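# sequence-free structure coming up:
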Ligand SMILES: [Ca+2]
Ligand SMILES: [Ca+2]
Ligand SMILES: [Ca+2]
Ligand SMILES: [Ca+2]
């Protein structure tokens, strides 16, 4: 049972605790109530967090609505309505990216995903292998991006904020960039060996019809590059930087393990985000855009390496500022591990899941309770701001909170939880999607926030995040020299 329920019955939220979040009005909402099946990590739309996309085979739309395979769903975070975007027949659809934003884009909003179905017969997928598709969320029209044969696996699609580019992983041989575009010179890589590589595709027109695909990683058979992302500066919201992880030493500098790389579209150059020549398991990158003040972009990732010379503490979260060579260690605790970070534009907020005790008990903690705050070491959702502040967004035991997704201003965090965070609404402990958000006092959703509807707030007595100081690593920041040539 979630500790939150205990706190409610104890009446532990004091006016003092409420005042600690002056100007912030947190709400915690449960947006699914499935009774069977599974749900994939949610993906929050970046600018306004209007929508949350996920895949599921569960009874998302009510009892009896479970599906044979996974399908893609879109939740309207303002209207609190949910709709299914795919109908995959004998196949299934999964791994959706977030809905694209349209600021400065001229392109329609879409959601990229993987499907083994034959969703666009004019192109066709008779082999029913995993292909990349996009669904235009206003019209419902579906486009098939890849057309590959049996045995080819296309996976992990991720769209740039404005939808101009898509990156994904594939063991296919998909590059068609002849180098004639000086702003996108490409790499001349090919993939006859069928290893897992990262491909970056740019839509050349707003109708999303003309495409140019570049293979940005290059490893031999048996190696894998994965977890691609694409983004970069806010303006012009193009696809400058493709980030990915690889277990192949892409630059031949003696790196061992898994490392994170940055491909620059306008130059065709590959850089290494993690320390060149080092050993470690550096994975699960996420990337922000720059802030409006050109602070960033930032890449966050999890690592068991020890790049700052701290005592080895397991898997911790790091933040690397592109172009500045600045590395920050965001978590540090001997017990427990931290995973799957996501970062706001400008790098201010980072959310992640952790089994550690991360609030410094020697400093003032707002929001009630006494340390330790995660003595049972289950996975809780945390959010940091800079190097000083940390929120423990969930407080639970005997269940897990994981797979956070972050709005680009850092104010909305969607995540999966098997906990009964809103008392009585997840009695069977299935993975459900929850949304933590901070709103204005005038937000009508805050006024309507009712526990029976799946909404907890400070004012209805059901929710308060804890805000405290971070446990700091002895060394938590450094500037590396530019990557070796
Ligand atoms: Ca196919
Ligand atoms: Ca290859
Ligand atoms: Ca640790
Ligand atoms: Ca706990």
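Sure thing, it's come through. Only a predicted model underlies this, so the values are computations on that prediction, with no experimental measurement involved. Ligands and ions are numbered 1, 2, ... in the order given.

# Just give me the residue right at the centre of the protein.
residue 405 (4.4 Å; C-alpha atoms, centre = their mean).

# Who does that residue form a beta bridge with?
residue 414 (DSSP bridges).

# Contact residues of the stretch 251-400 of the chain facing ligand 4?
374, 376, 378, 397 (C-beta under 5 Å from the ion). Every residue, glycine included, has its C-beta placed from N, CA and C.

# so the third one makes contact with residue 397?
Yes. With contacts defined as C-beta atoms under 8 Å, residue 378 counts as touching residue 397 at a distance of 5.9 Å.

# the more surrounded of those two?
Ranked by neighbour count (other C-beta atoms under 10 Å), residue 378 and residue 397 place residue 378 first, with 21 against 15.

# I'd guess the more buried one is in a helix, am I close?
No. Secondary structure of residue 378 (DSSP: H, G, I helix; E, B strand; the rest coil): coil, not part of a helix.

# Contacts only, for it.
355, 396-401 (C-beta atoms under 8 Å, 6 or more residues apart in numbering).

# All the helices of the stretch 301-450 of the chain, in order from the start?
With DSSP state H, counting those that start in this stretch as the criterion, the stretch 301-450 of the chain has helices at 444-447.

# quick one on the thing from earlier: selecting buried members of the contacts of residue 378 in ChimeraX, what would you type?
In ChimeraX, this line selects whichever of these come out buried by 16 or more other C-beta atoms under 10 Å:
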select :355,396,399,400,401
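
# Can you add distance to ligand 2 and give the contacts of residue 378 back as TSV?
As requested, the contacts of residue 378 are exported to TSV (distance: C-beta to the ion, whole Å):
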residue	distance to ligand 2
355	36
396	43
397	45
398	44
399	41
400	36
401	37
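
# I'd say the residue nearest to the centre of the chain and residue 45 touch.
No. Judged on C-beta under 8 Å, residue 405 makes no contact with residue 45 at a distance of 9.5 Å.

# Mind listing the shared neighbours of those two?
With C-beta under 8 Å, 6+ apart, residue 405 and residue 45 have common neighbours 52, 98.

# what number of residues lie near residue 64?
Residues near residue 64, counting by other C-beta under 10 Å: 8.

# Ok, residue 361 next?
With other C-beta under 10 Å as criterion, residue 361 counts 13.

# Relative to residue 181, how far out is the closest residue to it other than its chain neighbours?
Among residues not flanking residue 361 along the chain, residue 371 sits closest, at 3.5 Å (C-beta to C-beta, 6 or more residues apart in numbering). Counting by C-beta to C-beta, to the nearest Å, the separation of residue 371 from residue 181 is 56 Å.

# Closest residue of this protein to ligand 2?
When scored by C-beta to the ion, the chain has residue 195 as its residue closest to ligand 2, at 3.7 Å.

# residues contacting that residue?
Per C-beta under 8 Å, 6+ apart, neighbours of residue 195: 171, 219-225, 248.

# Now the phi/psi pair for it, please.
phi -80, psi 170 (degrees, to the nearest 10).

# quick one: pLDDT of it?
The model reports residue 195 with a pLDDT of 98.

# and the residue of the stretch 151-300 of the chain found nearest ligand 1, how many neighbours does it have?
With C-beta to the ion as the measure, residue 152 is the residue of the stretch 151-300 of the chain nearest to ligand 1, at 7.0 Å. Neighbourhood size, residue 152 [other C-beta under 10 Å]: 18.

# Surely it forms part of a helix?
No. Applying three-state DSSP, one finds residue 152 to be coil, outside a helix.

# Can you tell me, leaving aside adjacent residues, what's nearest to it?
Residue 152 sits nearest to residue 172 (C-beta to C-beta, 6+ apart), 4.3 Å away.

# wait, isn't that neighbour in contact with residue 151?
No. With contact defined as C-beta under 8 Å, residue 172 does not count as touching residue 151 (9.1 Å).

# what about these two, which has more around it?
residue 172 (23 against 10).

# Show the model's pLDDT score for the more buried one.
For residue 172, pLDDT reads 98.

# hang on, it in a strand?
No. Residue 172 is assigned coil when assessed by three-state DSSP, not a strand.

# Could you pull up the contacting residues of it?
Counting by C-beta under 8 Å, 6+ apart, residue 172 has contacts 146, 148, 152, 154, 191, 194.

# pLDDT value on the nearest residue to residue 240 once chain neighbours are set aside, please?
Setting aside the residues directly before and after it, residue 240 is nearest to residue 232 in space (C-beta to C-beta, 6+ apart), at 3.3 Å. Listed pLDDT for residue 232 reads 73.
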